[in-house]
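1. give the three-dimensional model of this entry:
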Amino acid sequence: SSILEAIQIVLKEKHKAKNKFTKPIQPVDRDVPVKITLDFSVGPYRLVIAKTFLKTPSSELEIISPQRANYRGEEADSQLDQILDAHLDKTLLNTLLMMPSAFLP
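-> Residues are numbered from 1 along each chain as shown. Okay, here's the model as predicted:
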């Protein structure tokens, strides 16, 4: 479930998010940033997204194909959202990433 949780967080949460999804991923008793990197393909795109959460938040998006481009910060979050909105069935993604705890009251 940790891998699914990491995928869900890096795809859905903005790098500056400090909420019920990002706060629990910080190691206990350590004030350190949490970095999640995902290399994946969606539609015609091959992407690498790297987000650092909580302490010193950052976001870096590298588009490898169909045309190379790099984005940082809020622009990276925005570009990722646009690509996912255009080429990903969000209902299917939510179903695939449904965590077992989501079924608990």
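2. and for S59, the neighbour number?
-> With neighbours defined by other Cβ atoms under 10 Å, the count for S59 comes to 24. To be clear about C-beta, it is placed using only N, CA and C from the backbone, and glycine gets the same treatment.
3. what about it, is that helix, strand or coil?
-> Following DSSP: H, G, I helix; E, B strand; the rest coil, the label given to S59 is strand.
4. what is whatever helix or strand Q82 lives in packed up against?
-> Element membership for Q82 (DSSP states H and E) is helix 73-87. With contacts defined as 3 or more Cβ pairs under 8 Å, 6 or more residues apart in numbering; DSSP states H and E, helix 73-87 has these neighbours: strand 34-42, strand 45-53, strand 58-65, strand 69-72.
5. what's the end-to-end length of stretch 62-70?
-> Its start and end residues considered, stretch 62-70 measures 5 Å (Cα to Cα, to the nearest Å).
6. show me what counts as buried in that stretch.
-> Neighbour-count burial for stretch 62-70, counted by 16 or more other Cβ atoms under 10 Å, picks out I63.
7. I'd like the mean pLDDT over that stretch, please.
-> With pLDDT averaged residue by residue, stretch 62-70 scores 97.
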